[in-house]
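Undergrad: Give me coordinates for this.
(one chain, ligands or ions: 1)
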Amino acid sequence: MLRVVVAGAYGRMGREVVKAIWNTDDLELVGAADSKREGVDIGSLIEAGNTGMVIDKDIEELLVRVRPDVAVDFTAPQAVYHNTITCLNHGVRPVVGTTGMNPGQIQEIIDLSRKLGIGGLVAPNFAIGALLMIKFATEAARHLPHVEIIELHHDQKLDAPSGTAIKTAEAIIEQRGDFQQGLATETENIAGVRGGKLSGGVRIHSVRLPGLVAHQEVVFGGLGQTLTIRHDSITRESFMPGVLLGIRKVIHLERVVYGLDKLLFD
Ligand code: NAP
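TA: Purely as a prediction, here's the structure:
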């Protein structure tokens, strides 16, 4: 049995993860942390009655007390870097879904994990369909280099663009290289109307609306044709098979890897 804690357990994703672990035979939920609901029974998050375990406010205190094998993090962009470093320093393998860390922070986490020999995973998207979208988009970019990304999320999302959009753009740029799309002299009559451009030339457009969960279109243009590759996470359950896979896989790693695709396709 792998012993797992969840940080951000009261959040939209955290509650789903708590439920998935609670209902999985080879994983044992041994604790949960959230800045809200301190002292409340974890069972109240998932309508499971009394579990005898309560929500902790401080992730570090929880790690020291229960010594889990794995800590899953679905907290907030401003908390995730510190939480992940804390996990590694306590010998706990992090499985991180929280987005918003910059490339320098991710690299620092990878370097520290390598030095300590502790496995872990930072995954901007746990939905297996989304990883296939990135894989197919990367292949398409070899033949159709003109491309823009439209990502659409619920309106409570804290960071923009999404980690998935950045990962898609990075994978496309790695495949096709720098590329000048459209007119170099183009001007915006409304600031930001053409989206944000990653160095390497891929533009990302972020849409935020109630009613959405997590969606992305990668739109390619060629002579007289377009190709759209679209993925939709309709419910947060879509992320759970990936999260459970990540928890089971990090036990066998000796450093943090970035992207669930590394564990699925490599
Ligand atoms: P949410 O509903 O706001 O939940 C986050 C929870 O974490 C909140 O209850 C928050 O409390 C708590 N929290 C914040 N800082 C904390 C800390 N230091 N220690 C303990 N708890 C803390 O957000 P969400 O929709 O679940 O999303 C969480 C993250 O997952 C976001 O970054 C989102 O982009 C990402 N996400 C990733 C994937 C993926 O597949 N990788 C999929 C969906 C979402 P407060 O409100 O008091 O701060």
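Undergrad: By proximity to the ligand, which residue of the stretch 1-150 of the chain wins?
TA: Gly11 (1.9 Å; C-beta to the nearest ligand atom). Every residue, glycine included, has its C-beta placed from N, CA and C.
Undergrad: which ones are touching that residue?
TA: Asp34, Phe74, Thr75 (C-beta atoms under 8 Å, 6 or more residues apart in numbering).
Undergrad: now these as JSON lines including pLDDT, neighbour count and distance to the ligand?
TA: Formatted as JSON lines, the contacts of Gly11 follow (pLDDT from 0 to 100; neighbours: other C-beta atoms under 10 Å; distance: C-beta to the nearest ligand atom, whole Å):
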{"residue": "Asp34", "pLDDT": "98", "neighbour count": "24", "distance to the ligand": "4"}
{"residue": "Phe74", "pLDDT": "98", "neighbour count": "27", "distance to the ligand": "4"}
{"residue": "Thr75", "pLDDT": "98", "neighbour count": "25", "distance to the ligand": "4"}
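Undergrad: Mind putting those residues into JSON lines with secondary structure?
TA: Shown next, in JSON lines, are the contacts of Gly11 (DSSP: H, G, I helix; E, B strand; the rest coil):
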{"residue": "Asp34", "secondary structure": "coil"}
{"residue": "Phe74", "secondary structure": "coil"}
{"residue": "Thr75", "secondary structure": "coil"}
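Undergrad: Just give the nearest non-adjacent residue to the residue nearest to the spatial centre of the chain, would you?
TA: The centre of the chain sits closest to Pro124, judged by C-alpha atoms, centre = their mean, with a distance of 2.4 Å. Leaving out its chain neighbours, the residue that sits closest to Pro124 by C-beta to C-beta, 6 or more residues apart in numbering is Gly163, at 2.8 Å.
Undergrad: List phi and psi for that neighbour.
TA: Backbone geometry at Gly163, expressed as degrees, to the nearest 10, gives phi -60, psi -30.
Undergrad: how many other residues sit next to it?
TA: Using other C-beta atoms under 10 Å, Gly163 is surrounded by 21 other residues.
Undergrad: If I follow the layout properly, it ends up in contact with Phe126?
TA: No - Gly163 is beyond contact range of Phe126, at 10.8 Å (criterion: C-beta atoms under 8 Å).
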